[in-house]
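>>> Predicted model, plus sequence, below.
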Amino acid sequence: MGHATCISYLRDYVALPSVNPMGRSDISPQITGEARYAGHLREQLRGLGLDAELAGPADRPSVIAEVRAPGARETVMIASHLDTVPVDSMEIDPFDPRIEGGRLYGRGSCDTKAGMAALVAALERILPTRKLTRSAIVLGESDEEFGSIGARAIAQQLAGRPPQWVLATEPTSMRVVTHHKGIAIAELVARGRACHSSDPSAGKNAIVALSRAVLELEKLGAELAARPHPLLGHATLSVGQIGGGAAPNIVPELCWLRMDRRLLPGETPEQVRAQLEQTLARAGVKDDVSIARLSFEKDSLDTPHDHACVRACQDALASLGRSTEPDIAAFATDAGVLAAQGMPSVVLGPGSIAQAHTAREHVEIAEVEAMTEFFVALLTS
Ligand SMILES: [Zn+2]
């Protein structure tokens, strides 16, 4: 039984490892970085007559190509990240794309190589017909799963001539997602004074100071929970890592923690920092504990339901007989990052987030085919 073109492309993509090292150094360079997949896409897009180029560092490239339609009503950028999460403890061969029971298995099959496969298959079908009504920028961006270096660099590159809007393909089961939270990571460091543990009063215990901060952070989390957003629920805070001290018989001079703060639309770095500083003051440790790092890893997404980009997606979905109801995502994406750079964005792609990042990652073949039809409808209507 033959499969659609998009599925043969998806198999090719899955077979090209593009694991995001995510700050780790223990993953083989044989499978890390976007270069293999980006190079393949560049050649494939050039084969369609597009002037595709790589952008960014050689080992972490993005790929970008423009599709210009004469008399186009607008330009939409379709962004489909090139990287995947690592493959530790996967129960299938991550890079041997197998088809079974109407599904395609492999790392990235769902998140989010299926989106790119659908887009390239759609372009291959549309370009010879010259029926494009929208111009498109095809973006395969690097590093979505970690620091979004690809999306940020491309946003700068396009600053003078931004697209009217952006569609980021992520596994949303083909629902149009207009809202998601953002992610900030904070690192707090407590500094004390070391001494022999036989006389603790001679030192200052950094672990105790940071523990006071942790208990107060828990109260801050409860306060955040009392202020829900109408669509997204409430902001959250979770202390995920902690470390400190050198030995049981030394009063510790250093203790650190890292926490994840999920952001609602409108929350700024300044506000989040001020909130943490107040929390340290309330805990009585503001002289001992400092904010060593606060970074907004992903911005929240807050696209109005009546924005033209939402309607464009809804029209294309309606033409396929699929749900047009806007949705939210529980995860953060480059759509938030690009929206924060002034480009209205939505998230929409094949596959379910329940299958992304899993030990047996897969995508329903029928949905990848439907996504191809979606792109054809979007770009020709
Ligand atoms: Zn993704």
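Yep, that arrived.
>>> For the chain, list the residues in contact with the ion, please.
With the criterion set to Cβ under 5 Å from the ion, the chain comes near the ion through 111-112, 170. Bear in mind the C-beta positions are built from the backbone N, C-alpha and C, glycine included.
>>> between those residues, which is closest to Arg60?
The shortest approach to Arg60 among those belongs to Thr112, at 16.9 Å (Cβ to Cβ).
>>> That closest one: what's it in contact with?
Taking Cβ atoms under 8 Å, 6 or more residues apart in numbering as the definition of contact, the neighbours of Thr112 are 80-81, 144, 169-171, 349, 351, 356.
>>> Mind putting the residues you listed into TSV with neighbour count, secondary structure and pLDDT?
As requested, these are arranged in TSV below (neighbours: other Cβ atoms under 10 Å; DSSP: H, G, I helix; E, B strand; the rest coil; pLDDT from 0 to 100):
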residue	neighbour count	secondary structure	pLDDT
Ser80	27	coil	98
His81	30	coil	98
Glu144	30	coil	97
Thr169	28	coil	98
Glu170	28	coil	98
Pro171	27	coil	98
Gly349	31	coil	98
Gly351	29	coil	97
Ala356	20	coil	93
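>>> and Leu104, what pLDDT?
Leu104 is assigned 98 on the pLDDT scale.
>>> rewinding a little: relative to the ion, which of the contacts of Thr112 is nearest.
Glu170 (4.6 Å; Cβ to the ion).
>>> Surely the closest one is in contact with Asp111?
Yes. Glu170 lies in contact with Asp111 (Cβ atoms under 8 Å); the separation is 6.8 Å.
>>> which neighbours do those two share?
Taking Cβ under 8 Å, 6+ apart as the contact criterion, the residues that touch both Glu170 and Asp111 are Ile353.
>>> Helices of the chain, start to end?
Taking DSSP state H, the helices of the chain run over residues 5-14, 35-47, 113-126, 149-157, 206-225, 269-282, 308-319, 334-340, 365-380.
>>> which stretch among those helices comes nearest Pro29?
For the helices of the chain, distance to Pro29 was read as Cβ to Cβ. The smallest value, 10.0 Å, belongs to helix 35-47.
>>> Run the angle between that closest one and helix 149-157 for me.
Between the direction of helix 35-47 and that of helix 149-157, the angle (axes from the mean of the first three to the mean of the last three Cα atoms, to 10 degrees) works out to 40 degrees.
>>> relative to helix 113-126, how tilted is helix 35-47?
Taking the same axes, to 10 degrees, one finds that helix 35-47 is oriented at 10 degrees with respect to helix 113-126.
>>> what comes up buried for helix 35-47?
By 16 or more other Cβ atoms under 10 Å, the buried positions in helix 35-47 come out as 35-38, 40-42, 44-45.
>>> between these, which is nearest the ion?
Using Cβ to the ion, the shortest approach to the ion within these belongs to Tyr37, at 13.7 Å.
>>> Go ahead and confirm that closest one touches Tyr13.
Yes. Using Cβ under 8 Å as the test, Tyr37 is close enough to Tyr13 to be in contact (6.2 Å).
>>> so what sits against both of those two?
Counting by Cβ under 8 Å, 6+ apart, the contacts common to Tyr37 and Tyr13 are Lys113.
>>> Next, format the helices of the chain as CSV and append mean pLDDT.
What follows is the helices of the chain, written out as CSV (pLDDT from 0 to 100):
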stretch, mean pLDDT
helix 5-14, 98
helix 35-47, 98
helix 113-126, 98
helix 149-157, 96
helix 206-225, 98
helix 269-282, 97
helix 308-319, 98
helix 334-340, 97
helix 365-380, 98
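>>> Export those to JSON lines and append columns for distance to Ile250.
Rendered in JSON lines, the data for the helices of the chain read as follows (distance: least, Cβ to Cβ, whole Å):
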{"stretch": "helix 5-14", "distance to Ile250": "50"}
{"stretch": "helix 35-47", "distance to Ile250": "46"}
{"stretch": "helix 113-126", "distance to Ile250": "50"}
{"stretch": "helix 149-157", "distance to Ile250": "39"}
{"stretch": "helix 206-225", "distance to Ile250": "11"}
{"stretch": "helix 269-282", "distance to Ile250": "24"}
{"stretch": "helix 308-319", "distance to Ile250": "58"}
{"stretch": "helix 334-340", "distance to Ile250": "43"}
{"stretch": "helix 365-380", "distance to Ile250": "57"}
